[in-house]
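Novice: Provide a 3D model corresponding to the input given below.
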Amino acid sequence: MTATTLPSIPATDETWLRLVRIGAGLATLGLVVLGASSTFWTTSGEGDFKYAADYWLTAAALPIGVGMILHAYGVHRLHHTRDGRLGTAGLGLFAACSAVIIIQCMCSVASGAELRWGPAYPLCAVGSFVGLALVAAASWRVGVVPRWMLGVWPPLMLVGSWAGQSVLPGVFAVFLIASGVVLGQRVGSAPPA
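Specialist: Next up, the predicted model:
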């Protein structure tokens with residue numbers, strides 16, 4: 001009887017793929033809370049928080065934002081610098097804008113009221129979209145992520161998370177989970193870089 005060995009993924013790729021999946025899982029958890037809080041429970045909408053769902057809805061920004069940053073960073077690292085400066089700049093813009101949104105939301109949870117720091121939230125939501133679009137554009141030529149995914153990733157991130165309403169957070173969660181599965185298949189079959 002002969003033993004069959006499967007090709008192994010290089011340790012670095014395995015690490016970055018795990019980061020993609022952890023990020024997708026964390027963001028999915030937050031997206032489920034976001035979708036449930038905005039769909040099934042009463043929220044006050046604006047101003048002072050009156051209901052527990054107000055806190056849950058706002059606090060969901062932490063796992064969503066951190067998860068999306070980890071996911072994007074893992075994808076960026078799977079490219080082994082082949083996405084160039086454009087990918088690095090896009091990741092930096094995406095992470096910085098997402099961090100501002102996370103901090104603003106966590107301050108709102110701590111104060112028990114929706115805080116508005118001028119146009120920071122909408123500007124950072126658009127900035128995170130632009131940053132992720134740059135990551136996707138830089139990823140286009142590398143070929144690790146399927147092109148159809150790169151085309152829908154930035155707009156789906158924007159409407160499924162920071163501007164998430166109705167079923168869109170669920171659709172984005174399914175996309176994140178699918179990206180972890182697809183990348184696992186592609187990275188596992190790719191020759192080591």
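Novice: Where does pLDDT dip in the protein?
Specialist: The model of the chain has pLDDT under 70 over residues 1-11, 39-40, 42-46, 163-166, 188-193.
Novice: The residue nearest the centre of the chain: what's it in contact with?
Specialist: The residue lying closest to the centre of the chain (Cα atoms, centre = their mean) is residue 68, at 2.1 Å. Counting by Cβ atoms under 8 Å, 6 or more residues apart in numbering, residue 68 makes contact with 23, 27, 94, 98, 157, 161. The C-beta positions use only the backbone N, C-alpha and C, and glycine is treated the same way.
Novice: can you count the residues close to the residue nearest to the last one when sequence neighbours are not counted?
Specialist: Sequence neighbours aside, residue 64 is the residue nearest to residue 161 in space, at 5.2 Å (criterion: Cβ to Cβ, 6 or more residues apart in numbering). Close neighbours of residue 64, defined as other Cβ atoms under 10 Å, add up to 31.
Novice: Beyond the host helix or strand of residue 85, next helix or strand please.
Specialist: Per DSSP states H and E, residue 85 falls inside helix 84-111. Downstream of helix 84-111, the next assigned helix or strand under DSSP H and E is helix 120-140.
Novice: How far off centre is that next one?
Specialist: Relative to the chain's own centre, helix 120-140 is displaced by 11 Å; criterion: Cα atoms, centre = their mean, to the nearest Å.
Novice: other SSEs contacting the helix or strand following that helix?
Specialist: Sequence order places helix 147-157 as the next helix or strand after helix 120-140, per DSSP H and E. Counting contacts by 3 or more Cβ pairs under 8 Å, 6 or more residues apart in numbering; DSSP states H and E, helix 147-157 packs against helix 120-140, helix 168-189.
Novice: Convert the last one to CSV, retaining C-alpha atoms only.
Specialist: In other words, helix 168-189. Written as CSV, here are the backbone C-alpha positions of helix 168-189 (Å, rounded to 0.1, in the frame of the first residue of the first chain):
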residue,chain,number,x,y,z
LEU,A,168,-27.1,43.6,1.9
PRO,A,169,-25.0,42.7,5.0
GLY,A,170,-26.0,39.1,4.5
VAL,A,171,-25.0,39.2,0.8
PHE,A,172,-21.7,40.7,1.8
ALA,A,173,-21.2,38.0,4.5
VAL,A,174,-21.8,35.3,1.9
PHE,A,175,-19.3,37.0,-0.4
LEU,A,176,-16.6,37.0,2.3
ILE,A,177,-17.1,33.4,3.1
ALA,A,178,-17.0,32.5,-0.6
SER,A,179,-13.8,34.4,-1.0
GLY,A,180,-12.1,32.4,1.8
VAL,A,181,-13.2,29.1,0.1
VAL,A,182,-12.2,30.3,-3.4
LEU,A,183,-8.8,31.6,-2.3
GLY,A,184,-8.2,28.4,-0.4
GLN,A,185,-8.7,26.5,-3.7
ARG,A,186,-6.6,28.9,-5.8
VAL,A,187,-3.7,29.3,-3.3
GLY,A,188,-3.6,25.5,-2.7
SER,A,189,-3.3,24.8,-6.4
